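Trainee: what follows is a predicted protein model with its sequence.
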Amino acid sequence: MNDLRRSPSARSSQQGAALMVVLVLLVIMTLLGLASLRGALMGQRMSANTYDRNLSFQGAEAALREGEAVLATAPAATAFQNGCPSGLCSQPTATSGTPDRWMNPSFAGWFSVTDPVLLGALPSAAGTPQYFIEYMGLAPNWPGCDQEIPMHPNCLTPRYRVTARNANPALAGDRAMVVLQTNYVAANP
């Protein structure tokens, strides 16, 4: 007898197992699709954060270079004042409970980068690079020279600390923020 022609009693005994298998496979495929979509979105966020951090680093590096260029012009010692005019600050004093200038959100002595060459090399999304320079006092150029009698004329030279950041944190929101510092030794006269 031909299997293509089934009796009505054989048709009613089918339970719809193929439909259930297809629905389960469809749910599994949907879950796999959602998981791969989530992984792709996470990868996109990570690459965007890396790009943003690199832009921030480039901005802070540009500010650091401008601060070092200012020091290379040998500003007068009287230019370093408490109010930090033009980003030139006096020697920091350690007081209990007071953060360093670069960590203090209310510190207003940051100076924006003005060099058009440095600014032109940065993408506009890099933010506003800023810096300030602190006079750190005189320090010996070699160990023990400050204890010699008479002291060698080239023993002590001025030291400076340049602190740079990519942008004002109040304006940056949740953007990447990079702060760089370097110590600068003035050349012997």
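Mentor: Arrived safely.
Trainee: pull the helix or strand with minimum mean pLDDT from the protein.
Mentor: helix 169-172 (a mean of 53; mean pLDDT, DSSP states H and E).
Trainee: which helix is the longest one in the chain?
Mentor: What stands out as the longest helix in the chain, according to DSSP state H, is helix 17-72.
Trainee: quick one: it to chain centroid distance?
Mentor: A distance of 17 Å separates the centroid of the chain from that of helix 17-72, by CA atoms, centre = their mean, to the nearest Å.
Trainee: beyond it, next helix or strand please.
Mentor: Next in sequence after helix 17-72, counting helices and strands by DSSP states H and E, comes strand 88-89.
Trainee: packing partners for that next one?
Mentor: strand 130-140 (3 or more CB pairs under 8 Å, 6 or more residues apart in numbering; DSSP states H and E). Quick note: C-beta positions are derived from backbone N, CA and C, even for glycine.
Trainee: give me the mean pLDDT for the strand it packs on.
Mentor: Averaged across strand 130-140, pLDDT comes to 88.
Trainee: which strands and helices sit next to that strand?
Mentor: Counting by 3+ CB pairs under 8 Å, 6+ apart, strand 130-140 packs on helix 17-72, strand 88-89, strand 111-112, strand 156-165, strand 179-185.
Trainee: got the angle between that strand and helix 17-72?
Mentor: 50 degrees (axes from the mean of the first three to the mean of the last three CA atoms, to 10 degrees).
Trainee: how about the CA coordinates for strand 130-140, as PDB?
Mentor: What follows is strand 130-140, C-alpha atoms only, in PDB (Å, rounded to 0.1, in the frame of the first residue of the first chain):
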ATOM      1  CA  GLN A 130      46.100  73.000  29.300                       C
ATOM      2  CA  TYR A 131      49.200  73.200  31.500                       C
ATOM      3  CA  PHE A 132      50.800  75.000  34.400                       C
ATOM      4  CA  ILE A 133      54.400  75.200  35.600                       C
ATOM      5  CA  GLU A 134      55.500  75.100  39.200                       C
ATOM      6  CA  TYR A 135      58.800  76.400  40.500                       C
ATOM      7  CA  MET A 136      60.200  73.700  42.700                       C
ATOM      8  CA  GLY A 137      63.200  75.600  44.100                       C
ATOM      9  CA  LEU A 138      66.900  75.100  43.700                       C
ATOM     10  CA  ALA A 139      68.400  71.600  43.700                       C
ATOM     11  CA  PRO A 140      71.900  70.200  43.500                       C
END
